[in-house]
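Trainee: Sequence first, predicted model second:
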Amino acid sequence: MKDKYQFLVNFIVRAILGMGIIFFANQFFVHKEIAVKVGFNAVSFLVSGCLGLPGVAMLYGIVAMPIL
């Protein structure tokens, strides 16, 4: 039971921090006039919760691919 609770808390903390990073990164890119923006949705929440910071970087990599 304790492992499930710890996993759930860890997932939620990573997801919230990941969404915060997405928010501030979007603001930064808008300020610098760079056309890269990751949306706030369930997929972003799940990816950042499961994978953490590498997942957020992957989302930005997927969005930036057409620009390259």
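Mentor: Yes, it's here.

Trainee: So which elements touch the longest helix belonging to the chain?
Mentor: The helix of greatest length in the chain, counted in residues with DSSP state H as the criterion, is given as helix 2-31. In terms of contacts (3 or more CB pairs under 8 Å, 6 or more residues apart in numbering; DSSP states H and E), helix 2-31 is packed against helix 42-51, helix 53-64. C-beta: built from backbone N, CA, C; applies to glycine.

Trainee: for that helix, what is the average pLDDT?
Mentor: Throughout helix 2-31, pLDDT has a mean value of 96.

Trainee: repeat for stretch 36-43
Mentor: Rounded to a whole number, the mean pLDDT of stretch 36-43 is 94.

Trainee: List the contacts of that stretch.
Mentor: If you take CB atoms under 8 Å, 6 or more residues apart in numbering as the criterion, stretch 36-43 is touched by 19, 22-23, 25-26, 29-30, 44, 56, 59-60, 63-64, 67.

Trainee: May I see the buried residues of it?
Mentor: Of the residues in stretch 36-43, those with enough neighbours to count as buried (16 or more other CB atoms under 10 Å) are 36, 38.

Trainee: residues near residue 59, how many?
Mentor: Neighbour count of residue 59, defined by other CB atoms under 10 Å: 20.

Trainee: Just the terminal-to-terminal distance for stretch 24-44.
Mentor: With CA to CA, to the nearest Å as the measure, the first residue of stretch 24-44 is 14 Å from its last.

Trainee: Report the distance from it to the chain centre.
Mentor: Using CA atoms, centre = their mean, to the nearest Å, the distance from the centre of stretch 24-44 to the centre of the chain it belongs to is 10 Å.
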